[in-house]
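1. Predicted model follows, preceded by the sequence.
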Amino acid sequence: MATATQEIRGTAADVAQEERADTGMDTGTLLGALGGIFLITVAIIRGGDAGIFLNINSALIVVGGSMATAFIAFPSKIVTGLIPIVKNAFKPGVYEPADYVDDIMRLASKYRSGGMKQLENEESLLDNRFLRNGIAMIVDGYNAKEIHELMERELNAMLDRHNTGVKVLRFLAMQAPVFGMAGTLIGLVQMLMHLDDPSTIGPALATALITTFYGLMLANLIMTPLATKLGSRTDMEGILCKSIRVGIIGIHDRVNPQKIQRGMNALLAPAQQRE
Amino acid sequence: MATATQEIRGTAADVAQEERADTGMDTGTLLGALGGIFLITVAIIRGGDAGIFLNINSALIVVGGSMATAFIAFPSKIVTGLIPIVKNAFKPGVYEPADYVDDIMRLASKYRSGGMKQLENEESLLDNRFLRNGIAMIVDGYNAKEIHELMERELNAMLDRHNTGVKVLRFLAMQAPVFGMAGTLIGLVQMLMHLDDPSTIGPALATALITTFYGLMLANLIMTPLATKLGSRTDMEGILCKSIRVGIIGIHDRVNPQKIQRGMNALLAPAQQRE
Amino acid sequence: MATATQEIRGTAADVAQEERADTGMDTGTLLGALGGIFLITVAIIRGGDAGIFLNINSALIVVGGSMATAFIAFPSKIVTGLIPIVKNAFKPGVYEPADYVDDIMRLASKYRSGGMKQLENEESLLDNRFLRNGIAMIVDGYNAKEIHELMERELNAMLDRHNTGVKVLRFLAMQAPVFGMAGTLIGLVQMLMHLDDPSTIGPALATALITTFYGLMLANLIMTPLATKLGSRTDMEGILCKSIRVGIIGIHDRVNPQKIQRGMNALLAPAQQRE
Amino acid sequence: MATATQEIRGTAADVAQEERADTGMDTGTLLGALGGIFLITVAIIRGGDAGIFLNINSALIVVGGSMATAFIAFPSKIVTGLIPIVKNAFKPGVYEPADYVDDIMRLASKYRSGGMKQLENEESLLDNRFLRNGIAMIVDGYNAKEIHELMERELNAMLDRHNTGVKVLRFLAMQAPVFGMAGTLIGLVQMLMHLDDPSTIGPALATALITTFYGLMLANLIMTPLATKLGSRTDMEGILCKSIRVGIIGIHDRVNPQKIQRGMNALLAPAQQRE
Amino acid sequence: MATATQEIRGTAADVAQEERADTGMDTGTLLGALGGIFLITVAIIRGGDAGIFLNINSALIVVGGSMATAFIAFPSKIVTGLIPIVKNAFKPGVYEPADYVDDIMRLASKYRSGGMKQLENEESLLDNRFLRNGIAMIVDGYNAKEIHELMERELNAMLDRHNTGVKVLRFLAMQAPVFGMAGTLIGLVQMLMHLDDPSTIGPALATALITTFYGLMLANLIMTPLATKLGSRTDMEGILCKSIRVGIIGIHDRVNPQKIQRGMNALLAPAQQRE
């Protein structure tokens, strides 16, 4: 039973397998995105001439140009790998550090009473790769210093990888307004060549400005908030893993489970702690 | 008696419970905010046409757009948690590090004379969670290195949490001017489609610029100063906690109270020190 | 005699008492400020219409708005504390690290020959708080590690405090141009409402732009240079204090005065060294 | 046989010889660059007047001006050395860290069974300079601490050198838009001197804006993405070298090859690991 | 003989005496500067009205204003000290780290064979202050830890001093465009007061824009490239000094000269190494 519920949670939060629970949506993220788009749309429709705000040419320059430079700047599979990452941002985060505190206290008790055998049996039942790797190192007879170092390396390497997605989003957020400006410049130049017909100046200028508008919206309504969200999720994963590492070292050193709990709690927010 | 006054102060400055004294206002913050709004209002009224500066459409785009992206970027409860944080910024900060120096010197003396028992009795009377946790670890028999490490972790975790509010405010301060610009672009595009009636150009352009004005004011009159204030409050909390940690280690090591005082004073400004 | 000259210098450079010699002015700072204002004034007068560049409304928005937000962002006494700090920036810096090298070599010799007694007598004659605290710790029997740690803490705490002034100036330098822009926007909006009388457009636009001009000048002619000056003074104070700390540890360890001199010199510029 | 395939790979990824396999192209980079140029070209052609977008004067100011300042800022051979570096960016990266894990496990086994002699024979067969230097130090009898320090220094020095290319590209990306603006200012000034013939205003302004357009495109379509790509390649080289260093220290300490593998894997992404 | 050639090189690269060989010019820097100015001049002349681009008023505001604020921000002798520093930037850099590797290997051999006496004789022949100081410390009987610490301090203090020049140039590069903008604002305001004579609008606006052009050119054609060049020279000096320090410690510890060479080479680029 404990194993079954643990499995679901483990899969959900498993930072290594990089999958998240497929059910439900992060209401805040979703409402934020919809709310922002709704507000802008209302502002456009209330002012009339909404049609001019839909412009394929502008979208091509801004979205296409930014994406093209992203393919220059990053390996293709990292850029295409953004799609699942962005989808994940709309799903609720399922980090329950308190559950890991329980798991680790249980493992610590078993190890202190039943020894290595008990730990070996438990290892295969753990779903979080970081936790399982740590237990495996205890079972394989690594000493505390080796475990700490290896988990440190693993943790840093994981955080670096997860930050790549954030980097791509920040790159796009930087490029989009520039391509917006470039599109406006193109339209401006073309308009300036035909100043002789004054009736076309207004609409031509309006069309030229749409590209700047697209660039700003792509960057600040979509890319920057997503990058911020993913960045803080990675930070939370880092804290969770550091907390797990504190627990693993505690298990290895056969520390009193209460002390392990206190050590893990010290890294967590009061609301996440298990008292 | 000492306990009663201590309780008030403890509650006020308690960095863990994240509450502050509900009485009084930080006059500087309040006068700053009122003064800034007053100056801008006078400048607007003296120039006439003050009515045009009140524009619900512009406010919706700037405030709504920025908040919507904040809900994408941060968990909902962190964004809604901004309201008490901002309220707190208008209340006076009640850090009296000198009082903690006294508390710790008293505890050090008691521990040196009366031993663990005395400390245990005092523990429950302490209101500052950071200080109480430290004393609890001495009572529970942790060694100096463990106490230092655990308090370090707790301190960093707390500072990280408190900085989240600052991050959200900085995020809003970055987004507001961009949504201001976006709103101006929308108005500009709509105006450019109707250049045939020259009499509407001026007012339409004026209305479009209001959104940029709102964006600048929201960011620089409100968000940036609040973020700066909260950031420096968090820094002060960090210094207070470091000073308490120096004291806790001193109590544990049964160091001479005069030496503890000197060690704590070294972290404090001359005006905050207890000689 | 030595004490008298030392007293003047000590008071002047005393980083703790935060006072500086009241005589004389830093000619570079003064000429820089006057030169900059003179150049801008000449450029304004040569072009005519100098009167329009004096605008109380603009000054209120830029200076008032920036200061108002500074009062929101920082405790009142830090903002008002800027006045003596800025005055100090126009006084010459009186750091003569070489003199401290002499003092410390003298103290080292006395301690090696006469012992603690000699040092105790000297302590009260020292004017630099950082140096005096260090000697006091030797007299009170602290060991080298404790002295190093306490002086490290004291040094960092002092640098943090001194940097607060720099932070406020940088904050003002960031806010001033934004309030300049905001004032220009207000003027622009008001002008756009009255496009029907073309003769007023020019002067109205000119007046609106003055606020932007004020914002740029306040930030770049005054705030940024002062922040840079104060920042580099704090850096120099830090180097002086680090050099003093090297000397104090040397005195404590009864190191050969020549070695102490070399150790202190290593931190100083060739021109500041005492050979 | 093993040596032959190894030679190709070794040459390809050899971070010291700074050559990469001459066959094939990095499809992502190539398609990104072509796609971006294609999109911009389509946008220009669809709007008509495409001819005005080809302007030698503008290209001279933007490309020439940026390159000129690059020759002031960096040694000539570093600027001219950009050409092969940029060419490399269009070739696929050939890092197969897993192969190095195999190599090192093989060397570890040989050293544990056959001793120093075996290692000496292998040394000359290794193509990666970093790996070969490490083995050479084991053969020359350096201890683990010396090897770690020397490889650390070598690694940092290499990363610094490789980052110079990135620095030049970032410098160009910063200069290009400024020279674009400067060119537009020149054109604007010249146009403003001839306002008397209204028919020339439009085309003159259009031509002036082309320089700004060139500056933005040079910076954001070419320089910034290339700098980002080279920067992340250097990061990957750093990770590979750190992983090799872990292996070298393991070989020296005659650590169990399975442990070495785990230690190297901890630094690599799951997809790059050899299980 | 060896001493004679060494003297020239020593004087040239002597980082302490801060002099460089007075013969020859750094062709890259010179051609870059001339090329940039040439390109801009051609662009100006081809467009006609070249005369308007020479404007003493604009130059006074931009150059004078920036320099005035530099005198506020930095001590006078640091600002005037820029002139020799900038001159140096146009002279070729004469760092030949490989020669120092030879010197140090020679000294190491002499010390191992002939002892302290030999080293004492060599000391006075060395021209590089950093190297000479290191040898002097060996002769004076300092231990390895003391030497490392003292050289570390000396190195950091030297790098800080050398970076002051870079800081001033970066400060000027930041101020120049702002004073350019301020000058344009002054011209704009003056023009707007006289809109009644349309024939003067164009030239007045053109003149106003020249100041912005001057600001951009001063910052991006001159100050930023020079700051970048000086910054990378300081970095190279730092690497040279670190490499010398590795050698000094090696001499002190009577390490095998081959090992010293390897240790020094590890810090140098392959092209600079002495095999």
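-> Perfect, thanks for sending it.
2. buried ones in stretch A:38-46?
-> A:Leu39, A:Ile40, A:Ala43, A:Ile44 (16 or more other CB atoms under 10 Å in any protein chain shown). For glycine as for every other residue, the C-beta is placed from the backbone atoms N, C-alpha and C.
3. quick one: which of those is nearest to chain B?
-> Ranking the buried residues of stretch A:38-46 by separation from chain B, with CB to the nearest CB as the measure, puts A:Leu39 on top at 4.3 Å.
4. So which of the buried residues of stretch A:38-46 sits lowest on pLDDT?
-> Looking at pLDDT alone, the buried residues of stretch A:38-46 dip lowest at A:Ala43, where the score is 86.
5. Run the chain-centre distance for the helix or strand containing that residue.
-> Here A:Ala43, judged by DSSP states H and E, is contained in helix A:27-46. Shown here is helix A:27-46, whose average C-alpha point lies 22 Å from the average C-alpha point of the whole chain (CA atoms, centre = their mean, to the nearest Å).
6. So which elements touch it?
-> Counting contacts by 3 or more CB pairs under 8 Å, 6 or more residues apart in numbering or on different chains; DSSP states H and E, the secondary-structure elements packed against helix A:27-46 are helix A:224-252, helix B:65-73, helix B:76-80, helix B:144-192.
7. got the angle for it vs helix B:144-192?
-> Using axes from the mean of the first three to the mean of the last three CA atoms, to 10 degrees, the direction of helix A:27-46 lies 20 degrees away from that of helix B:144-192.
8. which element follows helix A:27-46 toward the C-terminus?
-> Taking DSSP H and E as the definition, the helix or strand that follows helix A:27-46 towards the C-terminus is helix A:56-59.
9. For that following helix, list every residue counted as buried.
-> Under the neighbour-count rule (16+ other CB under 10 Å), helix A:56-59 has A:Asn57, A:Ser58 buried.
10. Which neighbouring elements make contact with it?
-> Helix A:56-59 is packed against helix A:144-192, helix A:198-217, with contacts defined by 3+ CB pairs under 8 Å, 6+ apart.
11. Recalculate using a threshold of 6 Å.
-> Using 3 or more CB pairs under 6 Å, 6 or more residues apart in numbering or on different chains; DSSP states H and E as the contact criterion, the secondary-structure elements in contact with helix A:56-59 are helix A:198-217.
12. Which residues belonging to the helix it packs on are considered buried?
-> Of the residues in helix A:198-217, those buried by neighbour count under the rule 16+ other CB under 10 Å are A:201-217.
13. Using PDB, list the CA coordinates for that helix.
-> As requested, the backbone C-alpha atoms of helix A:198-217 are provided in PDB (Å, rounded to 0.1, in the frame of the first residue of the first chain):
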ATOM      1  CA  PRO A 198      -0.600  60.200 -47.800                       C
ATOM      2  CA  SER A 199      -3.700  57.900 -47.300                       C
ATOM      3  CA  THR A 200      -1.400  54.800 -47.100                       C
ATOM      4  CA  ILE A 201       1.000  56.200 -44.500                       C
ATOM      5  CA  GLY A 202      -1.200  55.600 -41.500                       C
ATOM      6  CA  PRO A 203      -2.100  52.000 -42.200                       C
ATOM      7  CA  ALA A 204       1.400  51.200 -43.400                       C
ATOM      8  CA  LEU A 205       2.900  52.600 -40.200                       C
ATOM      9  CA  ALA A 206       0.200  50.700 -38.100                       C
ATOM     10  CA  THR A 207       1.100  47.400 -39.800                       C
ATOM     11  CA  ALA A 208       4.800  48.100 -39.200                       C
ATOM     12  CA  LEU A 209       4.200  48.600 -35.500                       C
ATOM     13  CA  ILE A 210       2.400  45.300 -35.200                       C
ATOM     14  CA  THR A 211       5.700  43.500 -35.400                       C
ATOM     15  CA  THR A 212       7.100  45.400 -32.500                       C
ATOM     16  CA  PHE A 213       3.900  44.600 -30.500                       C
ATOM     17  CA  TYR A 214       4.300  40.900 -31.400                       C
ATOM     18  CA  GLY A 215       7.900  40.900 -30.200                       C
ATOM     19  CA  LEU A 216       7.000  42.500 -26.900                       C
ATOM     20  CA  MET A 217       4.100  40.100 -26.300                       C
END
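14. How about it and chain D, touching?
-> No: Helix A:198-217 stays out of contact with chain D when judged by CB under 6 Å from any CB of the partner chain, the minimum separation being 8.8 Å.
15. Taking the stretch 1-150 of chain A, what residue is nearest to chain C?
-> For the stretch 1-150 of chain A, the residue closest to chain C is A:Gly47, as judged by CB to the nearest CB, at 16.9 Å.
16. and if you look at the stretch 51-200 of chain A?
-> Checking the stretch 51-200 of chain A residue by residue against chain C with CB to the nearest CB singles out A:Pro198 as nearest, at 17.7 Å.
17. how much space between that residue and chain E?
-> To chain E, A:Pro198 is 19 Å away according to CB to the nearest CB, to the nearest Å.
18. Show me the shaky parts of chain A.
-> A:1-25, A:92-95, A:274-275 (pLDDT under 70).
19. near chain C, which residues of it?
-> Counting by CB under 6 Å from any CB, chain A has no residue next to chain C.
20. how about chain A, which residue sits the furthest from its center?
-> Distance from the centre of chain A peaks at A:Asp196, with 52.0 Å (CA atoms, centre = their mean).
21. was I right about A:Leu185 contacting D:Phe213?
-> Yes: using CB atoms under 6 Å, A:Leu185 is in contact with D:Phe213, at 4.5 Å.
22. Now do the residue nearest to A:Gly134 when sequence neighbours are not counted against chain D, distance only.
-> Once flanking residues are discounted, A:Gly134 sits nearest to A:Ile248: 3.6 Å by CB to CB, 6 or more residues apart in numbering or on different chains. With the distance defined as CB to the nearest CB, A:Ile248 ends up 14 Å from chain D.
23. Just give the nearest non-adjacent residue to A:Ile104, would you?
-> Nearest in space to A:Ile104, with sequence neighbours left out and distances taken as CB to CB, 6+ apart, is A:Gly247 at 3.5 Å.
24. That neighbour: what's it in contact with?
-> Applying CB atoms under 6 Å, 6 or more residues apart in numbering or on different chains, we find A:Gly247 in contact with A:Ile104, A:Ile260, A:Met264.
25. from the residues you listed, which single one is nearest chain B?
-> Compare each of these with chain B using CB to the nearest CB and the shortest gap goes to A:Met264, at 9.4 Å.
26. and that closest one, what element?
-> Element membership of A:Met264, judged by DSSP H and E, is helix A:257-265.
27. quick one, that helix and helix A:224-252 angle?
-> For helix A:257-265 against helix A:224-252, the angle by the same axes, to 10 degrees is 160 degrees.
28. Can you point out the buried residues in helix A:257-265?
-> Neighbour-count burial for helix A:257-265, with 16+ other CB under 10 Å as criterion, is recorded at A:Pro257, A:Lys259, A:Ile260, A:Gln261, A:Arg262, A:Gly263, A:Met264, A:Asn265.
29. and it, what other elements does it pack with?
-> Short answer (3+ CB pairs under 6 Å, 6+ apart): helix A:257-265 packs on helix A:97-114, helix A:224-252.
30. Put the alpha carbons of the first one into PDB.
-> By that I understand helix A:97-114. Output of helix A:97-114 as PDB, limited to C-alpha atoms (Å, rounded to 0.1, in the frame of the first residue of the first chain):
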ATOM      1  CA  PRO A  97       9.400  17.200   0.400                       C
ATOM      2  CA  ALA A  98       7.600  16.100   3.600                       C
ATOM      3  CA  ASP A  99       7.000  12.600   2.100                       C
ATOM      4  CA  TYR A 100      10.700  12.200   1.400                       C
ATOM      5  CA  VAL A 101      11.400  13.100   5.000                       C
ATOM      6  CA  ASP A 102       9.100  10.200   6.000                       C
ATOM      7  CA  ASP A 103      10.700   7.800   3.500                       C
ATOM      8  CA  ILE A 104      14.200   8.600   4.700                       C
ATOM      9  CA  MET A 105      13.300   8.300   8.400                       C
ATOM     10  CA  ARG A 106      11.700   4.900   7.600                       C
ATOM     11  CA  LEU A 107      14.900   3.800   5.700                       C
ATOM     12  CA  ALA A 108      17.100   5.100   8.600                       C
ATOM     13  CA  SER A 109      15.100   3.000  11.100                       C
ATOM     14  CA  LYS A 110      15.300  -0.100   9.000                       C
ATOM     15  CA  TYR A 111      19.000   0.300   8.400                       C
ATOM     16  CA  ARG A 112      19.700   0.800  12.100                       C
ATOM     17  CA  SER A 113      17.600  -2.300  13.100                       C
ATOM     18  CA  GLY A 114      17.800  -4.600  10.100                       C
END
